[in-house]
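S.K.: Just need the structure, nothing else, for what follows:
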Amino acid sequence: MRKVLLVLWRLWFYFISATPVIVLFFPLALMLVLPSGYRYLFWVARNIWAPIVLFGAGFWIKKTTSFHTEEKSAVLIANHSSYLDIMLMFRMRKTPFVFVGKKELVRIPFFGYLYKRAAIMVDRTSSKSRYSVYQRAQHFIKKGYSICIFPEKEYLDETILLNPFKKGAFKLALDHKLPILPLVFLDCKRKFPWYTTHGYPGSLRVKELDVIQVKDMQYKSIESLQKKAYKLIRNSLEKDPKKRALEAIKIWENKTN
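M.R.: Numbering: from 1, shown residues only. The predicted model follows:
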């Protein structure tokens with residue numbers, strides 16, 4: 001019975017995720033034609049879509065730290081262990097930011113059309129595509145937007161707490177002298193993992209770490225910057241009093257053994 005309920009809950013999540021996109025598709029597509037249309041789309045995503053999905057699936061957000069005053073533009077990074085991460089990121093930031101995401105998502109009906117025009121897409125197999133990310137990011141940064149990147153190289157293995165980071169987010173921060181704002185999603189790996197056989201509703205704790213300033217750093221510091229950000233996020237996951245991410249790892253390790 002529990003497995004049946006879990007499957008139904010997952011299907012409900014996908015339904016409430018897709019429905020607002022389909023219902024609002026034409027107004028949202030029209031917004032993206034306007035010169036500053038992304039700001040309106042961001043407002044809809046943050047204040048309508050994300051709350052509907054989170055609350056509709058039985059989740060609510062609990063901040064574990066006092067959040068800083070928002071920088072005009074920053075590079076936002078976080079651990080990526082669930083579909084919920086996108087909705088959480090929208091709810092954590094009032095000023096507009098743009099996601100850097102994988103190109104494959106454009107195949108999703110309706111959503112893919114909007115995503116292609118609202119996000120910075122990257123084909124990880126193409127060096128030309130990876131380079132174009134910096135050009136598109138510069139366009140959005142000039143408008144005062146922040147850039148959001150989930151920096152892990154891979155993230156689908158549920159037995160890994162935090163995968164090594166790619167350099168892209170840190171190169172972008174150094175190139176444009178943007179501060180880095182690390183966020184930690186403490187519960188998503190346990191409560192809504194990538195695979196559909198586990199999970200449950202409840203509070204989702206978000207921790208904001210100290211802003212990492214890069215304005216006085218040289219490009220040769222990229223590796224140390226990358227390691228610093230990784231260590232900060234990993235330590236937060238390991239030292240979580242409730243140990244939700246570590247609990248999730250144990251469950252998946254037992255399942256695979």
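S.K.: Could you list the low-confidence segments of the stretch 151-257 of the chain?
M.R.: 257 (pLDDT under 70).
S.K.: Now do the strands in it.
M.R.: Under the criterion DSSP state E, counting those that start in this stretch, the stretch 151-257 of the chain carries strands at the ranges 180-185, 202-208.
S.K.: between these, which gets nearest to residue 168?
M.R.: Nearest to residue 168 among those is strand 180-185 (12.2 Å), distances taken as C-beta to C-beta. All C-beta spots, glycine's among them, are computed from the backbone N, C-alpha and C.
S.K.: Can you tell me which helices and strands the closest one packs against?
M.R.: strand 75-78, helix 84-92, helix 168-176, strand 202-208, helix 222-238 (3 or more C-beta pairs under 8 Å, 6 or more residues apart in numbering; DSSP states H and E).
S.K.: redo that, cut-off 10 Å
M.R.: strand 75-78, helix 84-92, strand 146-149, helix 168-176, strand 202-208, helix 222-238, helix 244-256 (3 or more C-beta pairs under 10 Å, 6 or more residues apart in numbering; DSSP states H and E).
S.K.: circling back: quick check: which of the strands of the stretch 151-257 of the chain is buried the most?
M.R.: strand 180-185 (a mean of 24; mean count of other C-beta atoms under 10 Å).
S.K.: Give me the angle between it and strand 202-208.
M.R.: Counting by axes from the mean of the first three to the mean of the last three C-alpha atoms, to 10 degrees, strand 180-185 lies at 160 degrees to strand 202-208.
S.K.: Counting neighbours, what do you get for residue 209?
M.R.: 19 (other C-beta atoms under 10 Å).
S.K.: which helix of the protein spans the most residues?
M.R.: helix 2-23 (DSSP state H).
S.K.: Dump it to PDB, keeping only the CA atoms.
M.R.: Presented in PDB, the C-alpha positions along helix 2-23 are these (Å, rounded to 0.1, in the frame of the first residue of the first chain):
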ATOM      1  CA  ARG A   2       2.800   2.400   0.900                       C
ATOM      2  CA  LYS A   3       4.400   1.900  -2.500                       C
ATOM      3  CA  VAL A   4       1.100   2.600  -4.300                       C
ATOM      4  CA  LEU A   5       0.700   5.800  -2.300                       C
ATOM      5  CA  LEU A   6       4.300   6.800  -3.100                       C
ATOM      6  CA  VAL A   7       3.700   6.400  -6.800                       C
ATOM      7  CA  LEU A   8       0.500   8.300  -6.700                       C
ATOM      8  CA  TRP A   9       2.200  11.100  -4.800                       C
ATOM      9  CA  ARG A  10       5.000  11.300  -7.400                       C
ATOM     10  CA  LEU A  11       2.500  11.400 -10.200                       C
ATOM     11  CA  TRP A  12       0.600  14.200  -8.400                       C
ATOM     12  CA  PHE A  13       3.900  16.100  -8.100                       C
ATOM     13  CA  TYR A  14       4.500  15.900 -11.900                       C
ATOM     14  CA  PHE A  15       0.900  16.900 -12.600                       C
ATOM     15  CA  ILE A  16       1.000  20.000 -10.500                       C
ATOM     16  CA  SER A  17       4.400  20.900 -11.900                       C
ATOM     17  CA  ALA A  18       3.200  20.700 -15.500                       C
ATOM     18  CA  THR A  19      -0.300  22.200 -15.100                       C
ATOM     19  CA  PRO A  20       0.600  25.800 -14.400                       C
ATOM     20  CA  VAL A  21       3.100  25.700 -17.300                       C
ATOM     21  CA  ILE A  22       0.500  24.500 -19.700                       C
ATOM     22  CA  VAL A  23      -2.300  26.800 -18.500                       C
END
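S.K.: Okay, buried residues for that helix please.
M.R.: Residues of helix 2-23 classed as buried by neighbour count (16 or more other C-beta atoms under 10 Å): 9-10, 13, 16-17, 20-21.
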